[in-house]
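K.L.:
coords below, sequence missing:
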């Protein structure tokens, strides 16, 4: 499915482990706003900046009534190292099977230096209290993105 087609539809269910091995599912966040951000790879420059921006602004996200979950195809073990090194204060979920990534339409063919490969397109979604996707950003530019997310969350209140 194309990510854009998900706007104003029920968010696909998921159940994935975070960096500590704890399972998280969509129903755990019922009644809250949820920021789901999909990123390509732990411990890489852009993904580290994005994660640290969410880490540093988590209080602002929470004060806007939302929780944050990061998602990539990296292993729980790699997420644990990423979370420890960067002192992440929110869950990062491991989807090595790509089931959630495919359900949300973020596992796509990409190109780099003329080579095609499958990977995650940096994408952020806001899921409302009823589990409906209300906002989607695709091909996210990391700088300033968290401020956009927070402004949108505040507008949703």
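P.N.:
Great, that's in hand. Since this is a predicted model, take the numbers as computed values, not measurements.

K.L.:
Just the buried positions in stretch 86-103, please.
P.N.:
Applying a neighbour-count criterion of 16 or more other C-beta atoms under 10 Å, one finds 86, 88, 90-95, 100-101, 103 buried in stretch 86-103. To be clear about C-beta, it is placed using only N, CA and C from the backbone, and glycine gets the same treatment.

K.L.:
just stretch 118-125 next, same as before
P.N.:
For stretch 118-125, using 16+ other C-beta under 10 Å, the buried residues are 119-125.

K.L.:
shouldn't residue 64 be in contact with residue 157?
P.N.:
Yes: when contacts are counted by C-beta atoms under 8 Å, residue 64 is listed as touching residue 157 (6.9 Å).

K.L.:
So between the two, which is more surrounded?
P.N.:
Neighbour count, other C-beta atoms under 10 Å: between residue 64 and residue 157, residue 64 has more, with 19 against 8.

K.L.:
Quick check: closest non-adjacent residue to that one.
P.N.:
Excluding its sequence neighbours, the residue lying closest to residue 64 (C-beta to C-beta, 6 or more residues apart in numbering) is residue 153, at 3.7 Å.

K.L.:
so what's the one you found up against?
P.N.:
Residue 153 sits next to 33, 35, 61, 64-66, 126 when contact means C-beta atoms under 8 Å, 6 or more residues apart in numbering.

K.L.:
Using just helix, strand and coil, how would you label it?
P.N.:
Under the three-state scheme (DSSP: H, G, I helix; E, B strand; the rest coil), residue 153 adopts helix.

K.L.:
Mind pulling up the pLDDT for it?
P.N.:
Residue 153 is assigned 97 on the pLDDT scale.

K.L.:
same deal with residue 112?
P.N.:
On pLDDT, residue 112 comes in at 87.

K.L.:
Okay, helices next: where are they in this protein?
P.N.:
Assigned by DSSP state H, the helices in the chain fall at 45-56, 58-63, 76-86, 99-103, 145-156.

K.L.:
how about those in JSON lines, adding distance to residue 2?
P.N.:
As requested, the helices of the chain are exported to JSON lines (distance: least, C-beta to C-beta, whole Å):
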{"stretch": "helix 45-56", "distance to residue 2": "22"}
{"stretch": "helix 58-63", "distance to residue 2": "27"}
{"stretch": "helix 76-86", "distance to residue 2": "27"}
{"stretch": "helix 99-103", "distance to residue 2": "12"}
{"stretch": "helix 145-156", "distance to residue 2": "21"}
